[in-house]
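**Student:** Just the structure for this:
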Amino acid sequence: MIYMSTKLSDIGKASARGSLFLFLGKASSTIIMALASILVARLLGPENYGLYALAMITPSFLITLSSFGISPALTRFCAHFRSEGKNQKVVSLIKIGIIFKFILSLLLSLVLLLLSESIAAWVLRRPGLGLLIRFTSVYIVGQMIFNALDSVFIGLDKTEKSGLLVNVQAVTKAVASPLLILGMGAIGAVLGAGLGLLLAAAVGITMLLFSLYPALDNHSGGDNINFIQGLKLMIPYGMPLYLSTLILSFITQYQSFILALFVPNTEIGNYTTATHFFVLITLLSYPIVTSLFPAFSKLSTKKNRNMVKKMFMLSVKYTALILIPASLAVAVLSKEAVYTLYGSQYQLAPSYISLSILSVLCAGLGAYVVPSFFNGQGDTRATLGINLLYLGLTVPLAYIMTLLYGVPGLVISLLAAEFLSSVYALFLAHKKYAVSVDWVSSLRTVVAALSSALLVYIFIAFAPISIPIFKLVAGGFLYVASFLVFAPLLKVISKEDIKNLDELSKELTPIYPIAKRILNLEEKILALNVTL
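**Tutor:** Now for the predicted structure:
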């Protein structure tokens with residue numbers, strides 16, 4: 001039996017609340033941005049839209065190259081010092097982080113202004129693109145300050161403000177870009193993207209000055225940190241995460257290069273379509289992973305070893321309980337989803353989705369929790385080591401497997417690299433901090449999800465329905481209903497889990513009535529299972 005202590009319950013509630021706001025913010029902004037992108041593409045036309053995309057490559061690259069891990073450092077130390085009551089240090093670090101980002105963004109903008117013509121001519125091979133690149137300097141300033149503010153709000157458990165900023169940025173871009181395009185063409189699209197970020201940054205700074213700063217100052221504690229001390233604290237912590245980001249970015253580009261070498265265009269198109277469906281999993285995983293980061297930052301294994309072990313185990317269990325069923329639902333309904341959204345000409349995409357989505361099963365090994373755990377404990381070198389292993393496995397495996405088997409070979413190589421790096425990550429976490437996962441629970445979650453998937457697969461194969469969207473909807477309802485039955489029958493969840501989940505979901509006021517009914521149903525099925 002795993003009960004949550006009062007402190008662990010409070011941290012869990014904050015994490016659950018944070019996950020909900022991050023999910024709502026991410027989902028709504030994704031929809032708005034998708035609609036805005038469609039509108040921008042239609043207004044610009046293929047040629048100008050291509051120029052807009054090319055112009056945005058350089059600022060995006062410069063932002064990634066110069067992050068130095070400051071943003072995750074702000075999240076970690078805001079959460080850590082605030083949990084210790086050292087609010088004065090929190091205020092100091094926020095000021096240092098934002099000022100550093102602002103100065104660096106101005107320097108990068110200046111570099112871009114001076115080298116825009118050279119970048120256009122020698123790097124992008126588009127001599128006439130220099131003017132458009134110069135206007136992206138607005139985007140650099142806005143994006144870097146926005147990233148810092150977003151990390152601060154997450155670290156302070158103010159995820160509703162993070163969600164607000166994301167949507168301010170999305171709405172502003174969606175409104176400004178089309179209007180500016182009508183008079184300025186591609187330059188208008190660039191300015192619209194920059195203005196969205198600048199306005200969101202301005203809103204974020206306003207909230208900091210008039211809401212959060214006064215609250216922190218009223219409960220001040222700890223000493224001030226000067227500018228140099230702050231950078232010495234944040235950069236060594238954030239540098240391994242910065243290098244990890246570069247590694248993951250390289251792997252993404254490497255995959256594209258390998259595909260271009262060995263795979264026909266048709267298969268690449270199908271695979272690209274398949275990757276779009278990972279957005280559904282990202283919408284679920286991003287809020288969980290992001291909210292767990294500050295949660296683990298509040299606990300130290302030196303002071304709260306048993307509490308950390310419980311939190312780690314429960315985090316893996318409940319993350320797997322969400323992500324594994326969701327991933328297998330996407331897999332079993334992939335054909336109907338692809339044919340509904342993209343058409344039957346993408347015949348290879350469903351099999352690519354079903355194969356790729358298996359990587360989410362590593363959630364049962366803690367793949368989505370371990371990075372947040374290490375980062376929260378300040379052990380960012382461990383995160384870098386895991387990503388270096390992933391890189392070392394991916395580079396040779398992807399090349400060989402793609403050469404031999406095309407897209408399926410690439411996917412299998414990525415699955416192997418993900419599995420092996422997840423096993424190593426869990427081993428490292430257990431060795432260094434004595435944390436572990438509930439293996440029986442992870443296995444039962446997979447069995448319950450597979451049982452539901454098998455039931456839906458049989459239904460789709462024999463149902464007298466020919467229209468894909470009807471199969472998709474019916475199959476989706478059947479999957480959810482069957483998993484809610486299989487979960488208590490196969491003892492994926494226990495009475496203690498239902499109590500814990502009820503306690504956590506009380507903070508989620510908009511969805512608690514629905515969650516309460518589902519948990520009551522699970523409890524009745526569990527009681528029936530015990531009686532039988």
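
**Student:** What about residue 257, how many residues nearby?
**Tutor:** 12 (other CB atoms under 10 Å). Heads up, the C-betas are built off the backbone N, CA and C, glycines and all.

**Student:** my bad, should have said residue 528
**Tutor:** Other residues close to residue 528 by other CB under 10 Å number 11.

**Student:** From residue 308, how far out is it?
**Tutor:** Distance, residue 528 to residue 308, by CB to CB, to the nearest Å: 36 Å.

**Student:** do residue 498 as well
**Tutor:** For residue 498, the distance to residue 308 - CB to CB - is 23 Å.

**Student:** Which one's more surrounded, the two?
**Tutor:** Comparing residue 498 with residue 308 by other CB under 10 Å, the one with more neighbours is residue 308, at 22 against 17.

**Student:** what's the pLDDT at residue 222?
**Tutor:** With respect to pLDDT, residue 222 scores 59.

**Student:** again with residue 320
**Tutor:** 93.

**Student:** how about it, what does it touch?
**Tutor:** 363, 364, 441, 442, 445 (CB atoms under 8 Å, 6 or more residues apart in numbering).

**Student:** So which of these is the closest to residue 112?
**Tutor:** residue 363 (39.9 Å; CB to CB).

**Student:** how would you label the closest one: helix, strand or coil?
**Tutor:** helix (DSSP: H, G, I helix; E, B strand; the rest coil).

**Student:** What's the separation between it and residue 284?
**Tutor:** 10 Å.

**Student:** Spit out the residues that contact the two alike.
**Tutor:** With CB under 8 Å, 6+ apart, residue 363 and residue 284 have common neighbours residue 323.

**Student:** between these two, who's got more neighbours?
**Tutor:** Legend: neighbour count by other CB under 10 Å for residue 363 and residue 284, higher for residue 363 (28 against 20).

**Student:** what does the model give the more buried one for pLDDT?
**Tutor:** 93.

**Student:** ok, now which ones touch it?
**Tutor:** 316, 319, 320, 323, 324, 327.

**Student:** Generate a ChimeraX selection restricted to the buried subset of the residues you listed.
**Tutor:** Selection command for ChimeraX covering only the buried members of the contacts of residue 363, criterion 16 or more other CB atoms under 10 Å:
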select :316,319,320,323,324,327
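
**Student:** which one among the contacts of residue 363 gets closest to residue 145?
**Tutor:** Nearest member of the contacts of residue 363 to residue 145, counting by CB to CB, is residue 319, at 31.1 Å.

**Student:** pretty sure residue 235 contacts residue 68?
**Tutor:** Yes: with contact defined as CB atoms under 8 Å, residue 235 reaches residue 68; the gap is 5.6 Å.

**Student:** okay, those two: which has more neighbours?
**Tutor:** Taking other CB under 10 Å, residue 235 and residue 68 do not tie; residue 68 has more neighbours (18 against 15).

**Student:** contacting residues for that one?
**Tutor:** 235, 238, 239, 242 are the contacts of residue 68 under CB under 8 Å, 6+ apart.

**Student:** And what about it, helix, strand or coil?
**Tutor:** coil.

**Student:** ok, it to residue 223 distance?
**Tutor:** Distance from residue 68 to residue 223, by CB to CB: 24 Å.

**Student:** Could you list the buried residues of stretch 339-355?
**Tutor:** 339, 340, 346, 348, 349, 350, 351, 352, 353, 354, 355.

**Student:** now, the most widely separated pair of the contacts of residue 320?
**Tutor:** 363 and 441, at 11.6 Å, using CB to CB across those.

**Student:** which among the buried residues of stretch 339-355 gets closest to residue 184?
**Tutor:** Closest to residue 184, out of all of the buried residues of stretch 339-355 and judged by CB to CB, is residue 346, at 35.9 Å.

**Student:** how about that closest one, phi and psi?
**Tutor:** The phi and psi values for residue 346, taken as degrees, to the nearest 10, are phi -90, psi 70.

**Student:** now swap in residue 347 and tell me
**Tutor:** Dihedral angles (degrees, to the nearest 10) for residue 347: phi -70, psi -30.

**Student:** mind listing what it touches?
**Tutor:** Applying CB under 8 Å, 6+ apart, we find residue 347 in contact with residue 270.

**Student:** likewise the one 5 residues further on?
**Tutor:** Contacts for residue 352 (CB under 8 Å, 6+ apart) come out as 270, 271, 274, 407, 408, 411.

**Student:** separation between the nearest residue to the third one once chain neighbours are set aside and residue 256?
**Tutor:** Closest residue to residue 274 in three dimensions, ignoring its sequence neighbours and counting by CB to CB, 6 or more residues apart in numbering: residue 352, at 3.8 Å. As defined by CB to CB, residue 352 lies at a distance of 15 Å from residue 256.

**Student:** Also residue 280?
**Tutor:** For residue 280, the distance to residue 256 - CB to CB - is 22 Å.

**Student:** who has more neighbours, the two?
**Tutor:** residue 280 (15 against 11).

**Student:** residues touching the more buried one, list them.
**Tutor:** Residue 280 neighbours (CB under 8 Å, 6+ apart): 326, 330.

**Student:** what bits of the stretch 401-532 of the chain have low per-residue confidence?
**Tutor:** 507-510, 529-532 (pLDDT under 70).

**Student:** which stretches of it form helices?
**Tutor:** For the stretch 401-532 of the chain, applying DSSP state H, counting those that start in this stretch gives helices covering 439-462, 468-489, 495-505, 512-531.

**Student:** can you check the stretch 1-150 of the chain too?
**Tutor:** Along the stretch 1-150 of the chain, the segments classed as helices by DSSP H, counting those that start in this stretch run 6-55, 57-65, 70-83, 87-118, 130-135, 137-155.

**Student:** Ok, which of those helices comes nearest residue 512?
**Tutor:** helix 6-55 (10.2 Å).

**Student:** so that closest one versus helix 495-505, what angle?
**Tutor:** Calculated by axes from the mean of the first three to the mean of the last three CA atoms, to 10 degrees, helix 6-55 forms an angle of 60 degrees with helix 495-505.

**Student:** Now do the domain split for this structure, please.
**Tutor:** As assigned by automatic domain parsing, the chain contains the domains 1-225, 239-463.

**Student:** tell me, which of those domains is the model least confident about?
**Tutor:** Among the domains of the chain, domain 1-225 scores lowest, with a mean of 85.
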